[in-house]
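Undergrad: Provided below for reference: sequence and predicted model.
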Amino acid sequence: DIIVRLKKIEGQTRGIQKMVSDERQCSDIMMQLGAVKSALESVAALVLKNYTVICLREGDPAEVGNALARAVSIWIGGKS
């Protein structure tokens, strides 16, 4: 599911590149950028969910919280 979503995002990104090359309206480009941003956030949430399940199943319980906090911090642009 993650790979399928990433391929869709890749296609959307190529579409945006073409829109820029074709000098399309800024509002149209921004709408597509918003769609890509939303799609990336959706994929990130799915990856984080999967990561959490793996950590909870295989990780040391004392480290699960720290690992999850690190992953979230990386996504929101903080320090790891």
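TA: Thanks, I have it.
Undergrad: which residues of the protein fall in helices?
TA: In the chain, the segments counted as helices under DSSP state H are 2-21, 26-58, 61-76.
Undergrad: where does the protein dip in pLDDT?
TA: Applying pLDDT under 70 to the chain picks out residues 55-56, 59, 78-80.
Undergrad: Give me the most central residue, it.
TA: Leu40 (3.1 Å; CA atoms, centre = their mean).
Undergrad: Now that residue: closest residue in space, sequence neighbours ignored.
TA: Counting by CB to CB, 6 or more residues apart in numbering, Ile9 is the residue found nearest to Leu40 once chain neighbours are left out, at 6.3 Å. All C-beta atoms are positioned from the backbone trio N, CA, C, and that covers glycine.
Undergrad: give me the number of residues near that neighbour?
TA: If you count neighbours by other CB atoms under 10 Å, Ile9 ends up with 18.
Undergrad: For it, give me its contacts.
TA: Val36, Ala39, Leu40, Val43 (CB atoms under 8 Å, 6 or more residues apart in numbering).
Undergrad: out of these, which is most surrounded?
TA: Neighbour max across the contacts of Ile9 (other CB under 10 Å) = Val43, 18 neighbours.
Undergrad: Which residue is the nearest non-sequential neighbour of it?
TA: Leaving aside its chain neighbours, Val43 sits nearest to Arg5 (5.0 Å; criterion: CB to CB, 6+ apart).
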